[in-house]
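[1] got a predicted structure plus its sequence, pasted below:
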Amino acid sequence: MNNLEYSVARYPSATNNNLSETQGKLNMYYLKQRLLLSIGTILISLVAASAVAQTEWPEVAPAEPPAHWGAVSANFEEIPYPYPVHFLELNRFQQDLRMAYMDVPPSGRSNGQTVLIQHGMNFYSEAYTPTINALAAAGFRVLAVDRIGFGKSSKPILPYSFNFVAANMKSLLDELGIEEVAIVGHSMGGMTVSRFAMVYPEVTTHVVMVNQIGLTDQRQSRPWRDPFVGGGATTYQSILRGHQRYFPLKWPPEHLEFVRRQFGQTMSGEWPRLAQVRRLQGQMLYDDPVVYDWQHIETKALVVGGEEDGLVDDFPTLAHNVADQLQNSAILLYPNVGHAPQIEIPDQFHADLIRFLKSDPNDPASNWK
């Protein structure tokens, strides 16, 4: 039962004679609901902030996982998110799935725009909390999604593709009645927003690709591999190395928390299934390249990222190729910054991001700067 249904059931005797009194009760009910939601959000944020504040992160990542690290659940039940988590019910490939998302209202004066954030391969929506907060403070409504297979969402075995991801994004917008949206994708999320912008141009006002991966067609450089044949063992060291590549210049000590979570899932009893899901998601990079999507994207686009990206050989050259392929784009590259500018230079990155997203979608991207 939703709020409106609850209110009607609670106050069924409304007539013309007592309509004002009943409306007053309804308004008070809604006010209480908003207050409770705000209190809940504050408490969740305080718990998360307290946990981070009490953690003493080593300046250099340890060579072995700390002894006190324990298992982390498949769906992150014990990981607090900064805002209430909702779930979109989906049925794909004859499976009932739940896609987790946060729907964050503007904390500053609303500008009427909605932004949908897509995370990278080793992340989920909670990892982008600083970006969510910056956008909300600038007046945006922010949707931050855990894609199917990540974070608090379902972890099914199915044939993952970027069309699958884009369709799920569109289903969420339809569910929430959102007709226009700006989309921002980091790393693998840049590939998902590329596909979405090509398939759903009528609802996309802006598209931002932050240190996007998948900048070449890997089928031209290596043979196909069966994703159901297990690769090498996933260890603390292999996970750590993967995260260290994001920061070739300076390792942020607090980033070890994301290594802890990922490694903790390898100690979960559900790790065999989770490992298979990760292999299937990784296979998307090979089986479903987006390099042929860019030429068809008319939406105003920004290609942005750190020049010293440790995940991509010669990132600046490949990033310029993306911008050249897009029909209406601008490019902004940061020197001496790696794969995650939202972490390394948050103030500058968020200021640039917000400035682009607030720009008129009908003005050429070349005029943005």
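    Yep, it's here. Numbering: from 1, shown residues only.

[2] how does the chain divide into domains?
    With domains defined by automatic domain parsing, the chain comprises 3-52, 63-367.

[3] who's Gln95 bridged to?
    Arg92 (DSSP bridges).

[4] pretty sure it contacts Leu158?
    Yes. Between Gln95 and Leu158 there is a contact at 6.6 Å, judged by C-beta atoms under 8 Å. All C-beta atoms are positioned from the backbone trio N, CA, C, and that covers glycine.

[5] just give the nearest non-adjacent residue to Pro156, would you?
    Take Pro156 and drop its neighbours on the chain: the residue closest to it by C-beta to C-beta, 6 or more residues apart in numbering is Gln95, 5.3 Å away.

[6] cool, Glu344 as well?
    Nearest non-adjacent residue to Glu344 (C-beta to C-beta, 6+ apart): Val337, at 5.1 Å.

[7] so where is the stretch 101-250 of the chain shaky, pLDDT-wise?
    For the stretch 101-250 of the chain, applying pLDDT under 70 flags no range at all.

[8] go again using 90 as the cut-off
    Under the criterion pLDDT under 90, the flagged ranges of the stretch 101-250 of the chain are 229-233, 248-249.

[9] what about the helices in it?
    Applying DSSP state H, counting those that start in this stretch to the stretch 101-250 of the chain gives helices spanning 129-137, 162-176, 188-199, 236-244.

[10] for Glu257, find the nearest of those.
    Among those, helix 236-244 comes nearest to Glu257, with 10.3 Å by C-beta to C-beta.

[11] can you tell me what sits against that closest one?
    For helix 236-244, contacts defined as C-beta atoms under 8 Å, 6 or more residues apart in numbering pick out 61, 63-65, 122, 232, 251, 255, 258-259, 262-263, 266, 310.

[12] and the helix or strand that comes right after it, how far out from the chain's middle?
    Beyond helix 236-244 on the C-terminal side, the first helix or strand identified by DSSP states H and E is helix 256-266. Between the centre of helix 256-266 and the centre of its host chain there is 18 Å, according to C-alpha atoms, centre = their mean, to the nearest Å.

[13] then stretch 143-152?
    Using C-alpha atoms, centre = their mean, the offset of stretch 143-152 from its chain centre is 7 Å.

[14] kindly report the same for stretch 280-293.
    The answer for stretch 280-293 is 18 Å, by C-alpha atoms, centre = their mean.

[15] in it, what counts as buried?
    280-291, 293 (16 or more other C-beta atoms under 10 Å).

[16] which of those fall in helices?
    Among the buried residues of stretch 280-293, the ones falling in helices (DSSP state H) are Leu280, Gln281, Gly282, Gln283, Met284, Leu285, Tyr286, Asp287.

[17] I figured the last one hits Asn163, correct?
    No. Asp287 is beyond contact range of Asn163, at 11.2 Å (criterion: C-beta under 8 Å).

[18] quick one: buried residues of stretch 86-94?
    Buried-residue list, stretch 86-94, by 16+ other C-beta under 10 Å: Leu88, Leu90, Arg92.

[19] do the same with stretch 160-173
    Quick answer for stretch 160-173 (16+ other C-beta under 10 Å): Tyr160, Phe162, Phe164, Val165, Ala166, Ala167, Asn168, Met169, Lys170, Leu172, Leu173.

[20] what do you get for stretch 243-260?
    Buried-residue list, stretch 243-260, by 16+ other C-beta under 10 Å: His243, Tyr246, Phe247, Pro248, Trp251, His255, Leu256, Phe258, Val259, Arg260.

[21] quick one: contacts for the second one?
    This points to Tyr246. Tyr246 neighbours (C-beta under 8 Å, 6+ apart): His255, Gly310, Leu311, Gly338, His339, Ala340, Ile343.

[22] how many residues are close by Glu77?
    8 (other C-beta atoms under 10 Å).

[23] Leu90: what secondary structure?
    With DSSP: H, G, I helix; E, B strand; the rest coil as the basis, Leu90 sits in strand.

[24] surely it touches Ile148?
    Yes. Using C-beta under 8 Å, Leu90 is in contact with Ile148, at 7.5 Å.

[25] quickly list what's touching both of the two.
    Leu97, Met99, Asn168.
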